[in-house]
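Q: just a sequence and a predicted model for now, questions to come.
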Amino acid sequence: MSASGKDSNWSLAASGIRAGIWEASLDYRGKDAPEQPGIEVSHLGQPLDGLEVATIPGRARAWSLRFAIPAELLSD
């Protein structure tokens, strides 16, 4: 995805947060999709480790994203 977020070939659909786990799907609608998207999770400008990216079987150019939100970042 472009740093500016203006690449209209990408579509992110968040399915929500359950038990501190954020899940979403990412689709690429352009012609030359990467084998795996180069994305990262950050909080207040600091990158966080732990993002899981997996291809979605049966869907071309689609990935599932899963991230366990660190407990210290969760609040009501």
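A: Sure thing, it's come through.
Q: and the helices in the chain?
A: Applying DSSP state H to the chain gives no helices.
Q: tell me which residue is most central in it.
A: Per C-alpha atoms, centre = their mean, the C-alpha nearest to the average position across the chain is that of Leu65, at 4.5 Å.
Q: hang on, isn't it packed against Thr55?
A: No - counting by C-beta atoms under 8 Å, Leu65 does not reach Thr55; the two are 11.3 Å apart. (Each C-beta comes from the backbone N, C-alpha and C, glycine too.)
Q: so what strands line up beside the lowest-mean-pLDDT helix or strand in the chain?
A: When each helix and strand of the chain is scored by mean pLDDT, DSSP states H and E, strand 10-18 comes last, with a mean of 92. Applying DSSP bridges, strand 10-18 is found paired with strand 21-28 (antiparallel).
Q: how about the partner strand: buried residues?
A: 22, 26-28 (16 or more other C-beta atoms under 10 Å).
Q: just give me the neighbour total for the closest residue to Ala33 other than its chain neighbours.
A: Of all residues not flanking Ala33 in the chain, Arg61 sits nearest, at 4.0 Å (C-beta to C-beta, 6 or more residues apart in numbering). Residues lying near Arg61 (other C-beta atoms under 10 Å) number 19.
Q: let me see the contact set for Arg61.
A: Residues near Arg61 by C-beta atoms under 8 Å, 6 or more residues apart in numbering: 27-29, 33.
Q: and the least confident helix or strand of the chain, which residues are buried?
A: Of the residues in strand 10-18, those buried (16+ other C-beta under 10 Å) are Trp10.
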